[in-house]
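Q: Quick one, fold the following:
(one chain, ligands or ions: 1)
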Amino acid sequence: MSPHPEPAQLLVDYLPLLPKGKALDVAMGKGRNALFLASHGFEVVGLERDEEAIEICRSDAEKQGLHLEIRRVDLEDLASYRIEVSAYDIVICFYYLQRNLIPQMKEALKQGGVILYETFLIDQHLKAGHPRHREYCFEYNELLQNFLDFRVLFYHEGQDTKGTYKAGIVAQKPV
Ligand SMILES: C[S@@+](CC[C@H](N)C(=O)[O-])C[C@H]1O[C@@H](n2cnc3c(N)ncnc32)[C@H](O)[C@@H]1O
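A: Next comes the predicted model:
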């Protein structure tokens, strides 16, 4: 991966349509999407477990003169960390799948807030062998099923232009 990876295309495409304000990046990694949102005026909170990734993000933020709040958390330890309820205008999650966290991610949105979620589809495991574990991929229609109580603005399953099988959604919490 290059030192300054590009933000996710889905996020770039939907940026003009997103409600401005507070954004949560779940499992932000080195922060390619969190930094992109911060550079467009969002007040960003990023959650991440890996110290090295956090340091890279902090350093990039400093170089770019951007501010974001980074919380080092283990999202699997649900007993010690809970995402705030009705606190965010947008929630994003790219290439991280923890099924029991999805209800918290939905609750974290304010009414009218928008979630963008994209990660591997089961075909990526079955046909490419990566991710190695099936549970890290969405089954067919699974991502969609999780958001049927939201207004679905965009949904896609299948190969992208690079041949990666993925599922992606943009969905709005009802007002
Ligand atoms: C494939 S990366 C995706 C990073 C980022 N969302 C992106 O699209 O560039 C997955 C990230 O999830 C983080 N992660 C994995 N398990 C985690 C956990 N239990 N709590 C917090 N972060 C975790 C990893 O450290 C890694 O940075």
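Q: Point me to the residue of the chain nearest the ligand.
A: In the chain, the residue that lies nearest the ligand is G29 (2.6 Å; Cβ to the nearest ligand atom). Every residue, glycine included, has its C-beta placed from N, CA and C.
Q: most centrally placed residue in this protein?
A: Central residue of the chain (Cα atoms, centre = their mean): C93, 1.2 Å from the mean position.
Q: partner residues bridging that residue?
A: Residues in a beta bridge with C93, per DSSP bridges, are V26, Y117.
Q: for it, what are its contacts?
A: C93 makes contacts with 25-27, 105, 115-119, as judged by Cβ atoms under 8 Å, 6 or more residues apart in numbering.
Q: contacting residues around K166?
A: So K166 contacts 118-121, 124, 156-160 (Cβ under 8 Å, 6+ apart).
Q: could you flag which of those are buried?
A: Among the contacts of K166, those classed as buried by 16 or more other Cβ atoms under 10 Å are 118-121, 124, 157.
Q: got these as CSV, with secondary structure and distance to F42 columns?
A: What follows is the buried ones among the contacts of K166, written out as CSV (DSSP: H, G, I helix; E, B strand; the rest coil; distance: Cβ to Cβ, whole Å):
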residue, secondary structure, distance to F42
E118, strand, 18
T119, strand, 21
F120, strand, 26
L121, strand, 28
Q124, helix, 29
E157, strand, 27
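Q: And those residues, which two are furthest apart?
A: Among these, the pair separated by the greatest distance (Cβ to Cβ) is E118 and Q124, at 12.0 Å.
Q: among the contacts of C93, which are within reach of the ligand?
A: A27 (Cβ under 6 Å from any ligand atom).
Q: Save the contacts of C93 as JSON lines, and put in pLDDT too.
A: Below are the contacts of C93 laid out as JSON lines (pLDDT from 0 to 100):
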{"residue": "D25", "pLDDT": "98"}
{"residue": "V26", "pLDDT": "98"}
{"residue": "A27", "pLDDT": "98"}
{"residue": "M105", "pLDDT": "98"}
{"residue": "I115", "pLDDT": "99"}
{"residue": "L116", "pLDDT": "99"}
{"residue": "Y117", "pLDDT": "99"}
{"residue": "E118", "pLDDT": "98"}
{"residue": "T119", "pLDDT": "98"}
